[in-house]
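Visitor: Have a look; sequence and predicted model below, questions after that.
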Amino acid sequence: MKAERVTIGDVPENVFGMLADLCLKMKKGVILPEHLAMFLKKQHSFPFMERSILFDWQAFFKKYLEISLDLSNLKIPPKQESFDRLIIIPEGITPNKIYEAYVKNFSCWKWTNDLNNAVAHNDREPTKTYAVWVRDTQEADEENENISADRAKERKIQGITLIERLIFGLKYWDETKTHLDVKNLTICSGSRSSDGSVPSVNCCDGEVNVNWCYSQFADSDWRVRTVVSF
């Protein structure tokens, strides 16, 4: 026997349950007012509507970095047009730990023995688990060609950090078994070495190279990856 649909006034009863759940998630910060505003304008759905994305990230971190990640309270920045790839950075993660996963899975090279000490500053430090949006492209942003790290800062372009680029690269390889930046190079302008130089990452002849460049240098093949963050 088909259950009778209960309504209160003209509103189905289950809608009130969903509204209560919405209020609870907003109270906890899981859904932000910006997300609700975008949803009402039909610009973007709630990030947690596609929970499979978060489950996928949890499985990824467990598989490659042996991290059990709780994403129940993760706050996701409002999504902007053309930024379709969500990158999650776990609390306490370091470049060295990510690079160890690189070594276990494919050919790679780094310019220094200790990436942790080589990178003196990140625009976003993993003091807690956070998320950013990037363009979902194999090559770094075409819009940022011939823009140095210094110029990107002047233009207030939020550039990807080394940690974010390494996580993105490992996730992309996990999904496609190919690498990012096989034709160009990502300038990780969100990070700086102690001498002011900038880490960079690309893939040459199947080998992923973690290198550095001068912050004032620009080239059509050297590009910043813009991120959307809080």
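Guide: Done, it's in.
Visitor: Work out which residue lies at the spatial centre of the protein.
Guide: Centre of the chain computed as the mean C-alpha position; nearest residue by C-alpha atoms, centre = their mean is Ile87, 2.3 Å away.
Visitor: so what's that one up against?
Guide: Contacts here follow C-beta atoms under 8 Å, 6 or more residues apart in numbering; on that basis Ile87 touches Ala131, Val132, Trp133, Val134, Glu164, Ile167, Phe168, Lys171, Val227. Using the backbone N, CA and C atoms, a C-beta is placed for each residue, glycine as well.
Visitor: For the helix or strand hosting the second one, which helices and strands make contact with it?
Guide: Take DSSP states H and E as the rule and Val132 turns out to sit in strand 130-134. Counting by 3 or more C-beta pairs under 8 Å, 6 or more residues apart in numbering; DSSP states H and E, the packing neighbours recorded for strand 130-134 are strand 85-89, helix 162-176, strand 227-228.
Visitor: pull the CA atoms of that strand into PDB?
Guide: Listed in PDB are the C-alpha atoms of strand 130-134, where the atom choice follows Å, rounded to 0.1, in the frame of the first residue of the first chain:
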ATOM      1  CA  TYR A 130      41.100  23.000   4.100                       C
ATOM      2  CA  ALA A 131      40.000  23.100   0.500                       C
ATOM      3  CA  VAL A 132      40.600  25.200  -2.600                       C
ATOM      4  CA  TRP A 133      39.200  25.300  -6.100                       C
ATOM      5  CA  VAL A 134      41.400  25.200  -9.200                       C
END
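Visitor: So what's the gap between the next helix-or-strand element following it and the chain middle?
Guide: Beyond strand 130-134 on the C-terminal side, the first helix or strand identified by DSSP H and E is helix 149-154. Helix 149-154 has its C-alpha centroid displaced from the chain centroid by 20 Å (C-alpha atoms, centre = their mean, to the nearest Å).
Visitor: just stretch 54-72 next, same as before
Guide: With C-alpha atoms, centre = their mean as the basis, stretch 54-72 stands 14 Å off its chain's centre.
Visitor: ok, residues contacting that stretch?
Guide: Residues contacting stretch 54-72 (C-beta under 8 Å, 6+ apart): 30, 48, 74, 86, 88, 90, 93, 97-98, 101, 105, 129, 170-171, 174.
Visitor: Direction included, what does the strand holding Val132 pair up with?
Guide: Sheet pairing for strand 130-134, assigned by DSSP bridges, gives strand 85-89 (antiparallel), strand 227-228 (antiparallel).
Visitor: Pipe these into CSV and attach mean pLDDT and distance to Met18 per row.
Guide: As requested, these are exported to CSV (pLDDT from 0 to 100; distance: least, C-beta to C-beta, whole Å):
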stretch, mean pLDDT, distance to Met18
strand 85-89, 97, 23
strand 227-228, 98, 27
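Visitor: Need those in a markdown table (columns: distance to Val201).
Guide: As requested, those are arranged in a markdown table below (distance: least, C-beta to C-beta, whole Å):
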| stretch | distance to Val201 |
| --- | --- |
| strand 85-89 | 14 |
| strand 227-228 | 14 |
